[in-house]
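Asker: Okay, sequence plus prediction incoming.
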Amino acid sequence: MSKGRRLVFLTSLIALCLSLSCGANLFASSESTPTLSDEQIGLISQNCSSIKLQLQKIQRTDAKSRVNLGSRYERLSSELMLNLNLRLVKGNHASSTLAKQQTTFINERERFRNDYIGYSQALDSLIAIDCRAKPQKFYDQLVLTRRKRADIAKSMRRIEGIIEKHRVAVESLKEEFMHE
Amino acid sequence: MSNQDALSNELHSQKSPIKTTGGRNLVLLGVGSVAIALVLVALSITIYRASGDIYLDRSRPGYISEDETRDDSDTRGTSFSNEGAITARELDLYLEQLDQIEQYLNTSSDAFSEAPLSDDALVISPDVHEDVSTSENKPF
């Protein structure tokens, strides 16, 4: 391939990548930004201060929920799962299933923590927006915040799933010990 | 000019008061130290915010107080020793403790539900607003 052709090829490749990424962004933004009706814009501007107060209340309640849930997750991981696995290892009954569950649980707990941070940052930004002057921007951020909140809920569901599997594994281990 | 005059001139110039820059240096040191401290504080607060620790730090002033979150009486005694032989009885005890935690988690399973941030809850849905305003206008 000659030098000129190579240059044309590279340029068109870059142009293609750029147009693809722009297209993807446009698609994502069109998906994420529902257009508000005039009536909704009016409602946001009109109720701005009460919406903000409500958001601050939610922020406080969420912080409490995070602390309470986080302390249970921590307790389950460090005072139950870890100690059970240690005892099993010491007694030469190490269970790879239980050890894997502990690792999965720790990873998911970390994900829950990060999801909460992402959500809190989004909620903080939402509260900082002047909804009276910029209702559409406020609503866009609200949609993003909802998505981040849904991520936390999903993380909680996954943690509940791990705990359920853990219970089943411990029960079957108990059965084994009963037959020994 | 004789050599004697030149020598006396030189001696005279040496006797003139010496200019010291100690005071100015001290001020510069003070201002510099404060400036460095401010930069470091700004940097650490930026890192504190960017890392997200600000949202998890319970010792932060203005954050929820200890009393508000102290509802762990249900699981406070939850612990499983890492010493001793494992038996079916011990695993039963373990499952009991696991139950306590699960019960709490079940009661707060909707802690991050979508409801509080919905259009209806924030009263930015036109339908809800109509409902609210019509109910407010209802005669007694």
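Answerer: Sure thing, it's come through.
Asker: how close does A:Asn92 sit to chain B?
Answerer: Separation of A:Asn92 from chain B (Cβ to the nearest Cβ, to the nearest Å) stands at 10 Å. The way it works is simple: take the backbone N, C-alpha and C, and place the C-beta from them, glycine included.
Asker: what helix or strand is the residue nearest to B:Leu117 when sequence neighbours are not counted on?
Answerer: Nearest residue to B:Leu117 in three dimensions, chain neighbours excluded: A:Arg146, at 5.1 Å (Cβ to Cβ, 6 or more residues apart in numbering or on different chains). Using DSSP states H and E, A:Arg146 sits in helix A:135-179.
Asker: do the same with A:Tyr73
Answerer: Assigned by DSSP H and E, A:Tyr73 belongs to helix A:48-75.
Asker: so that helix versus helix A:135-179, what angle?
Answerer: Interaxial angle, helix A:48-75 versus helix A:135-179 (axes from the mean of the first three to the mean of the last three Cα atoms, to 10 degrees): 20 degrees.
Asker: The residue nearest to B:Leu117: neighbour count?
Answerer: For A:Arg146, the neighbour count with other Cβ atoms under 10 Å in any protein chain shown is 18.
Asker: Equivalent analysis for A:Leu76, please.
Answerer: 26.
Asker: so it makes contact with A:Phe105?
Answerer: Yes - counting by Cβ atoms under 8 Å, A:Leu76 touches A:Phe105, with 7.3 Å between them.
Asker: Quickly list what's touching both of the two.
Answerer: Jointly contacting A:Leu76 and A:Phe105 under the rule Cβ atoms under 8 Å, 6 or more residues apart in numbering or on different chains are A:Ile163.
Asker: Next one: B:Leu29 relative to chain A, how far apart?
Answerer: For B:Leu29 relative to chain A (Cβ to the nearest Cβ), the value is 39 Å.
Asker: residues contacting that residue?
Answerer: Taking Cβ under 8 Å, 6+ apart as the definition, B:Leu29 has no contacts.
Asker: before we move on, what SS does it have?
Answerer: What DSSP: H, G, I helix; E, B strand; the rest coil gives for B:Leu29 is helix.
Asker: Break the chain down into its domains, please.
Answerer: Since you didn't name a chain, this refers to chain A. A:1-32, A:37-179 (automatic domain parsing).
Asker: The chain in question should be chain B.
Answerer: What automatic domain parsing lists as the domains of chain B is B:17-64, B:75-109, B:111-140.
Asker: Reformat those into TSV and put mean pLDDT next to each item.
Answerer: Putting the domains of chain B into TSV (pLDDT from 0 to 100) gives the following:
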stretch	mean pLDDT
domain B:17-64	88
domain B:75-109	87
domain B:111-140	69
